[in-house]
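Trainee: Pasted the sequence and its predicted model underneath.
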Amino acid sequence: MNIGVVCYPTYGGSGVVATELGKAMAAEGHKVHFITYSQPTRLDFFNENLFYHEVDIKPYPLFQYPPYEIALASKMVDVAKREKLDLFHVHYAVPHASAAYMAREILKVEDLHVPFITTLHGTDITIVGKDASLEPVVTFSINQSDGITAVSSDLRKDTYDQFKVTKEIQVIPNFIDLDRFKKQKKDHFKKAICPNDEKLIVHTSNFRKVKRVQDVVKVFNEIRKTVPAKLLLVGDGPERSAIEKLAEQSCSMEDVRFLGKLEAVEEVLSVSDLFLMTSEKESFGLAALEAMACEVPLISTNAGGLPELNVDGVTGYLCDVGDIENMANKALEILDKDNLPKFKEAALKRAQEFELSNILPMYENLYKQVITEF
Ligand code: GMT
């Protein structure tokens, strides 16, 4: 198949899923064309089946807001014609689904038939898309999709609850490449961070409000009242300065490190004992799955799709959003030397269910079905 993939190219779950899926499809022999405004972060190498087409927007003094959606749709039309695309797969509904709709309809006029699949990732539904300023277009373009997927049953339900979507939404969860995300021997790294064998707690995110990273710091402060521990915060984003301030005021900066954006996050996960995901809403929780694949158990909230990943009492614990005390108590239970090995083992076992090879056929079958039925 010749597939056109539209996604956000930055660090972020939807871009990672889009890129890793595209790479896996290319390895299966399909030709995959990424269409976006800059090179996707995990696509910086040569492969005969992978292509990148940059969306170009010319600045003009009249434009307070450059028309990205139109530029994207135009590029999609252009690539579809030149590369004889069979299908578009757009990740994150806003504004990719409406651009895909526009491209498909333009191509139809020239008797070219290129259907599109929209994958809903989370905040495109739960935060951005449901806002009244966007909702009519989002509803329309989801309904116009030739295939719709959501990354969890919870997100599927949210979409039906909040939008008048009349079409079938197929749940295809996030996936993990266990060749990359596996526990590596990094003892020297652990020794450098935890010289006195402290427990290592980790959090990775894009530091947006929805992640409630301040709760990570608060839970950590409770944990270290009982157990010597260190905290690593990986990632960057709008809330980082506020979190740094909170950490400076509430704990010793010797014990907390902000690592910023990190490509080889699996190396940090390999030496970690516990992952904290304190999000107010999380459609799936890809960062948590990456941790579990590296044998790191999880304290997460019970928000969104997290209960579909984190098995309460087995791979970690599920807690109410903002319940710092319970999160800290449950964390101490996991970190107990008699419990930690079994939680680690269970985390890995659960992650194996989301191995790429289990999920890839779901997308591949959907692609074939949509192309055949269109
Ligand atoms: O978590 C984010 O804010 C990034 C966001 C994205 O769209 O890039 O992630 C969403 O998609 C991921 C991949 O499907 C999911 O694993 C995340 O749970 C989801 N984030 C939220 O729902 C907040």
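Mentor: Received it, and whenever you're ready, just let me know what you need. Numbers count the residues shown, from 1 in each chain.

Trainee: Which single residue of the stretch 101-250 of the chain approaches the ligand most closely?
Mentor: The minimum distance from the stretch 101-250 of the chain to the ligand, using Cβ to the nearest ligand atom, falls at G122 (2.4 Å). (C-beta placed from N, C-alpha, C; glycine too.)

Trainee: The nearest residue to that residue once chain neighbours are set aside and the ligand, how far apart?
Mentor: Spatial nearest neighbour of G122, excluding adjacent residues (Cβ to Cβ, 6 or more residues apart in numbering): S283 at 3.1 Å. Noted for S283: a distance of 4 Å to the ligand, by Cβ to the nearest ligand atom, to the nearest Å.

Trainee: coming back round to it: show the contacting residues for the residue of the stretch 101-250 of the chain closest to the ligand.
Mentor: Under the criterion of Cβ atoms under 8 Å, 6 or more residues apart in numbering, the neighbours of G122 are G13, S14, V151, L155, K281, E282, S283, F284, G304.

Trainee: Residue numbers of the stretch 1-150 of the chain in contact with the ligand?
Mentor: Residues of the stretch 1-150 of the chain lying close to the ligand (Cβ under 6 Å from any ligand atom) are G12, G13, S14, G15, V17, Y92, H121, G122, T123.

Trainee: who's in contact with M76?
Mentor: For M76, the contact set (Cβ under 8 Å, 6+ apart) comprises G4, V6, I35, F88, A99, A100, A103.

Trainee: Return the helix or strand in this protein with minimum mean pLDDT.
Mentor: Lowest on mean pLDDT, DSSP states H and E among the helices and strands of the chain sits helix 123, with a mean of 85.

Trainee: which two from the contacts of M76 end up farthest apart in space?
Mentor: Pairwise distances across those peak at 11.1 Å for G4 and A99 (criterion: Cβ to Cβ).

Trainee: can you give me the helices in this structure?
Mentor: Applying DSSP state H to the chain gives helices spanning 13-27, 68-83, 93-109, 123, 135-144, 153-162, 187-193, 213-226, 240-250, 265-270, 286-293, 324-335, 340-352, 356-373.

Trainee: so can I have a markdown table of those showing distance to D44?
Mentor: As requested, the helices of the chain are exported to a markdown table (distance: least, Cβ to Cβ, whole Å):
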| stretch | distance to D44 |
| --- | --- |
| helix 13-27 | 10 |
| helix 68-83 | 20 |
| helix 93-109 | 22 |
| helix 123 | 25 |
| helix 135-144 | 30 |
| helix 153-162 | 29 |
| helix 187-193 | 24 |
| helix 213-226 | 28 |
| helix 240-250 | 25 |
| helix 265-270 | 16 |
| helix 286-293 | 19 |
| helix 324-335 | 36 |
| helix 340-352 | 26 |
| helix 356-373 | 20 |
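
Trainee: which of those sits most buried?
Mentor: Comparing the helices of the chain by mean neighbour count (mean count of other Cβ atoms under 10 Å), helix 286-293 comes out on top with a mean of 26.

Trainee: what does that helix contact?
Mentor: If you take Cβ under 8 Å, 6+ apart as the criterion, helix 286-293 is touched by 13, 16-17, 174, 176, 178, 181-182, 202, 204-205, 265-266, 269, 272, 275, 277, 298, 300, 306, 309-310, 315, 347-348, 350-352, 354.

Trainee: what does stretch 230-245 give?
Mentor: Contacts of stretch 230-245 (Cβ under 8 Å, 6+ apart): 11, 193-194, 198-209, 211, 213-214, 216-217, 220, 247, 251, 255-262, 265, 268, 272.

Trainee: could I have it exported to PDB, CA atoms only?
Mentor: The C-alpha trace of stretch 230-245 is given here as PDB (Å, rounded to 0.1, in the frame of the first residue of the first chain):
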ATOM      1  CA  LYS A 230      15.300  10.500  44.200                       C
ATOM      2  CA  LEU A 231      13.000  11.900  41.600                       C
ATOM      3  CA  LEU A 232      13.800  12.300  37.900                       C
ATOM      4  CA  LEU A 233      11.500  14.500  35.800                       C
ATOM      5  CA  VAL A 234      11.900  13.900  32.100                       C
ATOM      6  CA  GLY A 235      10.300  16.200  29.500                       C
ATOM      7  CA  ASP A 236       9.500  19.800  29.100                       C
ATOM      8  CA  GLY A 237       6.500  22.000  28.600                       C
ATOM      9  CA  PRO A 238       4.500  25.000  29.700                       C
ATOM     10  CA  GLU A 239       4.300  24.000  33.400                       C
ATOM     11  CA  ARG A 240       8.000  23.300  33.900                       C
ATOM     12  CA  SER A 241       8.900  26.600  35.600                       C
ATOM     13  CA  ALA A 242       6.100  26.300  38.100                       C
ATOM     14  CA  ILE A 243       7.100  22.700  38.900                       C
ATOM     15  CA  GLU A 244      10.700  23.800  39.300                       C
ATOM     16  CA  LYS A 245       9.600  26.500  41.700                       C
END
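
Trainee: if we can go back for a sec, weakest of the helices of the chain by average pLDDT?
Mentor: For the helices of the chain, mean pLDDT drops lowest on helix 123, to a mean of 85.

Trainee: What residues does the stretch 251-374 of the chain have near the ligand?
Mentor: Contact residues, the stretch 251-374 of the chain versus the ligand (Cβ under 6 Å from any ligand atom): K281, E282, S283, F284, G285, L286.

Trainee: Show the pLDDT at the third one.
Mentor: Listed pLDDT for S283 reads 97.
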